[in-house]
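S.K.: output the structure for:
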Amino acid sequence: PVDLERLENYSITSVTPLDMIVNPDATEATVPMEISYFNEQDGALRTIKETQVWWYSQEAKAWLTESGFPAVK
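M.R.: The predicted structure is shown next:
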């Protein structure tokens with residue numbers, strides 16, 4: 001479960017994928033990314049780097065992530 005109240009004061013301003021690695025079947029991807037976000041409480045714009053794991057669901061016909069929410073502070 002995600003504590004959504006903890007995330008109320010944050011706004012994602014950009015997500016930039018970097019050098020994505022996709023498996024040969026194109027069913028899984030490791031995606032390093034740079035995430036910029038704004039903290040409304042202190043007015044700070046911050047950028048973090050994070051790597052997420054994604055997989056393609058034939059059932060849902062969509063890419064889904066195994067990774068949790070970014071560690072914003």
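
S.K.: from here on, contacts and neighbour counts on C-alpha atoms
M.R.: Noted.

S.K.: mind listing what's buried in stretch 21-40?
M.R.: Using 16 or more other Cα atoms under 10 Å as the test for burial, stretch 21-40 gives 28-33, 35-39.

S.K.: so what pLDDT did residue 16 get?
M.R.: pLDDT recorded at residue 16 is 95.

S.K.: what about it, neighbour count?
M.R.: For residue 16, the neighbour count with other Cα atoms under 10 Å is 11.

S.K.: give the contact list for residue 66.
M.R.: Residue 66 is in contact with 52-55, counting by Cα atoms under 8 Å, 6 or more residues apart in numbering.

S.K.: using JSON lines, lay out those residues together with distance to residue 11 and pLDDT.
M.R.: Shown next, in JSON lines, are the contacts of residue 66 (distance: Cα to Cα, whole Å; pLDDT from 0 to 100):
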{"residue": "52", "distance to residue 11": "19", "pLDDT": "92"}
{"residue": "53", "distance to residue 11": "22", "pLDDT": "94"}
{"residue": "54", "distance to residue 11": "22", "pLDDT": "94"}
{"residue": "55", "distance to residue 11": "25", "pLDDT": "94"}
